[in-house]
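Asks: Sequence first, then the predicted structure, then my questions.
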Amino acid sequence: MAPLSPYGSADFDSRQFRTAMGQFCTGVTIITTLDGDEAPVGFACQSFTALSLDPPLVLFCPMKSSRTWPVIAERGAFCVNVLANRQQSVSAKFGAPGQDKFAGVDWDASPLGLPVIRHCLTWVECTVENIFDGGDHHIVVGRAQTLGEVLQDKPLLFYRGGYLSTEHPRVTPAQEALSDFLTWNGGDEWL
Ligand SMILES: Cc1cc2nc3c(=O)[nH]c(=O)nc-3n(C[C@H](O)[C@H](O)[C@H](O)COP(=O)(O)OP(=O)(O)OC[C@H]3O[C@@H](n4cnc5c(N)ncnc54)[C@H](O)[C@@H]3O)c2cc1C
Ligand SMILES: NC(=O)c1ccc[n+]([C@@H]2O[C@H](COP(=O)([O-])OP(=O)(O)OC[C@H]3O[C@@H](n4cnc5c(N)ncnc54)[C@H](O)[C@@H]3O)[C@@H](O)[C@H]2O)c1
């Protein structure tokens, strides 16, 4: 058996860890809420995922140093805004420290009054269900309360620390691809 590369050893630094984690391509969301003065706040977040269908749960992981997180905890609710490909500048704005990330950003209020950023692929309004410890992050579980409409647009993807163009419009259904893969008898040609 061939030995694993140095990246396979436990002796790695933070940059190597980020490089490895950056191979996992994700979408980008903006997690928003309202502060005590009813002003909108939010931050860019890739650590978002669907968690459970019944009950309908999602999760995201804010850094413990996040300044938006305590505002969400206080409000007990947040809105997940799923960014479209054309919203790179929104991601950059909400992904860096700043006083007013909403300056110049158009938004509407969800049923709970939370900020829904215009032109997102969709949005999900949630109440905070549970908070777990995750090293230098919190793991926040939310219960979906309202689903937004779905726009027919391309997603913004984050990959290797940058944004990936999603110009190719074709979407292959995962179920179909999986069953094709499992019944494939064409040797290595699949890859
Ligand atoms: C594509 C993408 C995905 C991301 N995914 C995640 C994720 O999943 N989870 C996550 O936690 N973060 C993620 N981030 C990073 C996060 O969006 C940023 O750290 C963002 O600034 C956090 O916003 P905030 O409002 O929570 O905190 P901020 O107020 O922006 O503060 C963030 C940090 O900067 C410090 N800070 C604030 N203002 C200043 C200042 N003027 N000078 C110096 N330091 C300052 C704060 O003390 C804190 O440590 C992602 C960023 C990008 C671009
Ligand atoms: N989960 C996060 O907190 C998270 C995720 C992505 C980016 N960011 C932050 O956004 C900024 C832009 O990132 P970049 O362009 O340098 O890309 P990068 O090369 O740091 O990101 C590559 C991958 O590393 C992981 N990562 C990066 N920072 C992390 C962190 N603080 N905690 C946990 N995982 C992390 C993510 O999986 C990301 O996809 C950086 O300041 C980065 O720390 C934070």
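Replies: Sure thing, it's come through. Remember, predicted model here, so these are calculated numbers, not experimental data. Residues are numbered from 1 along each chain as shown. Ligands and ions are numbered 1, 2, ... in the order given.
Asks: Which residues of the chain lie near ligand 1?
Replies: For the chain, the contact set with ligand 1 under CB under 6 Å from any ligand atom comprises 28, 43-47, 61-63, 65-69, 91, 94-97, 158. Using the backbone N, CA and C atoms, a C-beta is placed for each residue, glycine as well.
Asks: Mind checking which of these are in helices?
Replies: Among the residues of the chain next to ligand 1, the ones falling in helices (DSSP state H) are 69, 91, 94.
Asks: Neighbour count, distance to residue 151 and pLDDT added to those residues, as CSV?
Replies: Below are these laid out as CSV (neighbours: other CB atoms under 10 Å; distance: CB to CB, whole Å; pLDDT from 0 to 100):
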residue, neighbour count, distance to residue 151, pLDDT
69, 23, 27, 98
91, 19, 16, 98
94, 26, 19, 98
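Asks: How about the residue nearest the centre of the chain: what's its closest non-neighbour residue?
Replies: The centre of the chain sits closest to residue 46, judged by CA atoms, centre = their mean, with a distance of 3.3 Å. Leaving aside its sequence neighbours, residue 46 sits nearest to residue 26 (CB to CB, 6 or more residues apart in numbering; 4.4 Å).
Asks: Let me know how buried the one you found is, in neighbour terms.
Replies: Neighbour count of residue 26, defined by other CB atoms under 10 Å: 17.
Asks: residue contacts, it?
Replies: 46-48, 157-159 (CB atoms under 8 Å, 6 or more residues apart in numbering).
Asks: next one: residue 108
Replies: Residue 108 touches 115-116, 118, counting by CB under 8 Å, 6+ apart.
Asks: Would you mind checking those for buried ones?
Replies: Burial by neighbour count, 16 or more other CB atoms under 10 Å: within the contacts of residue 108 this picks out 115-116.
Asks: from the contacts of residue 108, which is closest to ligand 1?
Replies: Of all these, ligand 1 sits closest to residue 115, with 12.9 Å by CB to the nearest ligand atom.
Asks: doesn't residue 102 make contact with that closest one?
Replies: Yes. In this structure, residue 115 is within contact of residue 102 by CB atoms under 8 Å, at 7.2 Å.
Asks: Can you work out which residues contact both of these two?
Replies: Common neighbours of residue 115 and residue 102 (CB under 8 Å, 6+ apart) are 40, 42.
Asks: what's across from the closest residue to residue 130 other than its chain neighbours in the sheet?
Replies: Computed as CB to CB, 6+ apart, the closest residue to residue 130 that is not its neighbour in sequence is residue 141, at 4.1 Å. Judged by DSSP bridges, the bridge partners of residue 141 are residue 59, residue 130.
Asks: give the contact list for residue 141.
Replies: By CB under 8 Å, 6+ apart, the contact list for residue 141 reads 51, 57-59, 128-132.
Asks: and it, what pLDDT?
Replies: Per-residue pLDDT puts residue 141 at 99.
Asks: For ligand 1, what is the nearest residue in the protein?
Replies: Closest approach between the chain and ligand 1, counting by CB to the nearest ligand atom: residue 95, at 2.6 Å.
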